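Asker: Whatever this is, show me its structure:
(one chain, ligands or ions: 2)
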Amino acid sequence: MPSDISMTPEALKAAILDYKARLSVTVVAHFYQRDEVFEMADITGDSLELARRCQADESEFVLFCGVGFMGESVKVLSPHKRVVMPKIACCSMARMISSEYFDSSVAYCESYGIKSDDIMPITYINSSAAVKAKVGQMGGMVCTSSNAKTIITRALQSGKKILFVPDKCLGQNIARDMGLVASVIGDGTDAAKAHIICYDGFCSVHQLFETSDIDFYRAKYPDIKVFTHPECKPEVCEASDFVGSTSQIIAAIKALDPEQKVVVGTEYNLVNRLRDKNTYVLSSTKPECPTMNETTLYDLYVTLKAIDEGNPINEIFLEDEVSHYAKIALERMLAL
Ligand code: 13P
Ligand code: SF4
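Answerer: Ligands and ions are numbered 1, 2, ... in the order given. Next up, the predicted model:
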């Protein structure tokens, strides 16, 4: 009998399918997961879809293959559920903001004469539960890349300034799209003159895409379409034909004529899964998300085995107060 560590991918897959058939577990995977992990999932989707669908799921365990903030969001929305993750990998953007940095961002706005009562905070879902809780406590909401425009539109109705954390690119892209003025913390511009004040965070993967990559593909294939994620730099999104969340990009590609060439600026695993003779990756490097890629088939197997043995590993637990206010911020989003 080989030890677990030397099991072949086929043996791991067979064992995973066996656990899934016997246990009350739903395996969930974001589009950026490795193919062999993604194939084992019962639920796949973008951040918003995963949050919604896990809330409606009835299994005892959600086994979340993704990054930490995604598993935390499931736990916040369904505190009775047991949420485990093969790897509690932390999205590099989510790590750029803590609750202390959130407080100093509010202080930054105040230094421009904006009272804290006149700030409507919005946090991108790529943030910790602690940051979501801060936002919920201040009357704000969460958004994802698929609903950011709707959420900002609603937030503007409050007549307040929007403090948008942590992704400056998403904030700037939405502002441009809606004809609003954005400033970025520390950029030297007058925050009081902006509609949206963005925190200075970003996604290290989506920063890889450059307008020179777009120029390269447009020169090579003049009729090519360029589809990008709103975490890309503003100038990259501005030069694109379509900007959307992971699910929206997939749907837009599927709606194209099969002979239409398209080049895609988002994480490698997603694009590679769609790749055919007409679909290209918008980078001369391999734009993989290192933290999404931490989860392997073996980790998935080990996590299921631990549940089967009655000793779950990597379970998500949150402080009651954090959970309470983070839930308010997430539910305000889901209500829209
Ligand atoms: P989506 O909500 O579009 O799936 O994006 C999540 C993410 O982390 C993109 O980098
Ligand atoms: Fe975070 Fe970027 Fe990875 Fe998305 S691609 S999970 S934003 S590091």
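Asker: Please tell me I have it right and Y298 contacts T8.
Answerer: No - using C-beta atoms under 8 Å, Y298 is not in contact with T8; the gap is 10.8 Å. To be clear about C-beta, it is placed using only N, CA and C from the backbone, and glycine gets the same treatment.
Asker: Of the two, give the one with the bigger neighbour count.
Answerer: Legend: neighbour count by other C-beta atoms under 10 Å for Y298 and T8, higher for Y298 (17 against 9).
Asker: I'd like to know which residues of this protein are adjacent to ligand 2.
Answerer: 67, 91-93, 126, 203-206, 231, 267, 289, 291-292 (C-beta under 6 Å from any ligand atom).
Asker: okay, those in JSON lines with secondary structure, neighbour count and pLDDT next?
Answerer: JSON lines is the format used below for the residues of the chain next to ligand 2 (DSSP: H, G, I helix; E, B strand; the rest coil; neighbours: other C-beta atoms under 10 Å; pLDDT from 0 to 100):
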{"residue": "V67", "secondary structure": "strand", "neighbour count": "28", "pLDDT": "97"}
{"residue": "C91", "secondary structure": "coil", "neighbour count": "24", "pLDDT": "96"}
{"residue": "S92", "secondary structure": "coil", "neighbour count": "17", "pLDDT": "96"}
{"residue": "M93", "secondary structure": "coil", "neighbour count": "26", "pLDDT": "97"}
{"residue": "N126", "secondary structure": "coil", "neighbour count": "28", "pLDDT": "97"}
{"residue": "C203", "secondary structure": "coil", "neighbour count": "25", "pLDDT": "98"}
{"residue": "S204", "secondary structure": "coil", "neighbour count": "15", "pLDDT": "96"}
{"residue": "V205", "secondary structure": "coil", "neighbour count": "24", "pLDDT": "97"}
{"residue": "H206", "secondary structure": "helix", "neighbour count": "24", "pLDDT": "98"}
{"residue": "E231", "secondary structure": "coil", "neighbour count": "28", "pLDDT": "98"}
{"residue": "E267", "secondary structure": "coil", "neighbour count": "25", "pLDDT": "97"}
{"residue": "C289", "secondary structure": "coil", "neighbour count": "24", "pLDDT": "97"}
{"residue": "T291", "secondary structure": "coil", "neighbour count": "22", "pLDDT": "96"}
{"residue": "M292", "secondary structure": "helix", "neighbour count": "26", "pLDDT": "97"}
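Asker: Generate a markdown table for those, with distance to ligand 1 as supplementary columns.
Answerer: Shown next, in a markdown table, are the residues of the chain next to ligand 2 (distance: C-beta to the nearest ligand atom, whole Å):
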| residue | distance to ligand 1 |
| --- | --- |
| V67 | 7 |
| C91 | 6 |
| S92 | 10 |
| M93 | 7 |
| N126 | 5 |
| C203 | 5 |
| S204 | 10 |
| V205 | 7 |
| H206 | 6 |
| E231 | 5 |
| E267 | 6 |
| C289 | 7 |
| T291 | 10 |
| M292 | 8 |
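Asker: For those, give me TSV that also has distance to D4.
Answerer: Formatted as TSV, those follow (distance: C-beta to C-beta, whole Å):
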residue	distance to D4
V67	25
C91	28
S92	30
M93	33
N126	33
C203	34
S204	33
V205	31
H206	36
E231	37
E267	29
C289	27
T291	24
M292	23
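Asker: Am I right that I122 falls within a strand?
Answerer: Yes - counting by DSSP: H, G, I helix; E, B strand; the rest coil, I122 is located in a strand.
Asker: so who does it touch?
Answerer: Contacts for I122 (C-beta atoms under 8 Å, 6 or more residues apart in numbering) come out as 135, 140-143, 151-152, 155, 162-165.
Asker: Take those residues and keep only those in helices.
Answerer: Mapping the contacts of I122 onto helices (DSSP state H) picks out 135, 151-152, 155.
Asker: Nearest to P222, out of those: which one, please.
Answerer: Using C-beta to C-beta, I152 is the member of those that lies nearest P222, at 34.3 Å.
Asker: Find the nearest non-adjacent residue to that closest one, please.
Answerer: The shortest distance from I152 to any residue other than its chain neighbours is 5.4 Å, reached at I174 (C-beta to C-beta, 6 or more residues apart in numbering).
Asker: List the buried residues for the strand or helix carrying that neighbour?
Answerer: Using DSSP states H and E, I174 sits within helix 168-178. Applying a neighbour-count criterion of 16 or more other C-beta atoms under 10 Å, one finds 168-175 buried in helix 168-178.
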